[in-house]
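**Student:** Could you work out the structure for the sequence below:
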Amino acid sequence: MLWLDVLDLEESGDRENALINAKLVVELDETHSDAWMAIARLNLPPLSRGKPLMPNLKQCSMAMSALKKVTQYDYDNDLAWELGGALLIDHLGMLEHGLEWWENRRKNEPYQVTPLVEQIGVLARMGYYEECAKKLDELFSDEMDAPSNKQLLRMQAVRQMVEKAAKMESSEIFKPQDKSDSRWEIIRRMKNKKPITENRFLLTFTAPIVFLLGIVVMDILGDTALGTVAVFLIILFLFATISRLSNSLLNNLNRHALDLDRAIDFESTSGKICIPVDIRESKLYISMLELKTPALKERMEMIIDSDEKLSKKWSLNIP
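**Tutor:** Numbering: from 1, shown residues only. Prediction:
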């Protein structure tokens, strides 16, 4: 009956009392995985217009504690694993813990696609491309479970992401823990230059090219009804093609920002600092931090206040 009260209270919008009763349920039955899942869910902000609000550090911590209980008593709860992975990686910036989290999922489900995709994403962000290649081979091997259409799209997306990132860093992989890395000097020179947004890049680079090519096509095909339709379709094709081809140019233009973003990842996952003070006070750093979640911003403040330096020998613990 107490569990039914939790469901009724949550459905009616009384999240506070629903959370209180859910805690009473697990006090009576610690193995009640649904109640632990409710505790995790109720510790996070509710949906607003169908979209989740960004949780703070305390909310993420409380939810993660409950999710660990869910996966302990209901190992096959995919929703709990996905929510936990999102909190660790996207909200808390604890990428190394995220790798371990998904490795724990793989212990009983070694051929499931999602954990491997998430691990590859983390390794690519941190610049571990050799490890990415190994896991990509495993991801697309015949031994893996047959992916759904959605999973297949994610698999292709993560492979393209790794290929683009590795190509961009083909000559030099940025290692933030190394103060002598030449990329730090480039970041320093461009520390007051914010990254170019995709929309701005489309308006200033892609759109003018498509417009000029569209005029040429219109002159060739004329202004007939059939010609107008053909011009419209050709312009759509040109826009999609040029946008895809220009992505690498945008990444190269934003390389300094992407490098600094990796340095932030190194700090958030290690709990130690490596970003020089003059760069941390720059427009670039401030603009990159603005894109982070509230919980990660709170963690970064604590990490910076601790003032513990990241060792040059530090490396990601890869399961």
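
**Student:** how about the nearest residue to the residue most central in space within the chain, chain neighbours excluded?
**Tutor:** The centre of the chain sits closest to Asp90, judged by CA atoms, centre = their mean, with a distance of 5.1 Å. Of all residues not flanking Asp90 in the chain, Thr293 sits nearest, at 6.7 Å (CB to CB, 6 or more residues apart in numbering). Yep, even glycine has a C-beta here, placed from its N, CA and C like the rest.

**Student:** That neighbour: how many residues sit nearby?
**Tutor:** Neighbourhood size, Thr293 [other CB atoms under 10 Å]: 18.

**Student:** now swap in the one 5 residues further on and tell me
**Tutor:** The local packing count at Glu298 equals 16, with neighbours defined by other CB under 10 Å.

**Student:** ok, it touching Leu57?
**Tutor:** Yes - taking CB atoms under 8 Å as the definition, Glu298 is a contact partner of Leu57 at 4.0 Å.

**Student:** Name the residues of stretch 305-319 that are buried.
**Tutor:** Neighbour-count burial for stretch 305-319 flags Leu310, Trp314, Leu316, Ile318 (criterion: 16 or more other CB atoms under 10 Å).

**Student:** Tell me which of the residues you listed fall in strands.
**Tutor:** The members of these all map outside strands under DSSP state E.

**Student:** With distance to Ala146 and pLDDT added, can I get these in CSV?
**Tutor:** Shown next, in CSV, are the buried residues of stretch 305-319 (distance: CB to CB, whole Å; pLDDT from 0 to 100):
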residue, distance to Ala146, pLDDT
Leu310, 42, 96
Trp314, 39, 95
Leu316, 30, 94
Ile318, 27, 92
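
**Student:** Dump those into JSON lines; add distance to Met37 as well.
**Tutor:** Below are the buried residues of stretch 305-319 laid out as JSON lines (distance: CB to CB, whole Å):
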{"residue": "Leu310", "distance to Met37": "36"}
{"residue": "Trp314", "distance to Met37": "35"}
{"residue": "Leu316", "distance to Met37": "30"}
{"residue": "Ile318", "distance to Met37": "29"}
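
**Student:** so which two of these are the farthest from each other?
**Tutor:** Greatest spatial distance among the buried residues of stretch 305-319 (CB to CB): Leu310 and Ile318, at 17.3 Å.

**Student:** For Ala66, give me its contacts.
**Tutor:** Trp36, Met37, Ile39, Ala40, Asn43 (CB atoms under 8 Å, 6 or more residues apart in numbering).

**Student:** any idea which element the first one lies in?
**Tutor:** Following DSSP states H and E, the helix or strand that holds Trp36 is helix 33-43.
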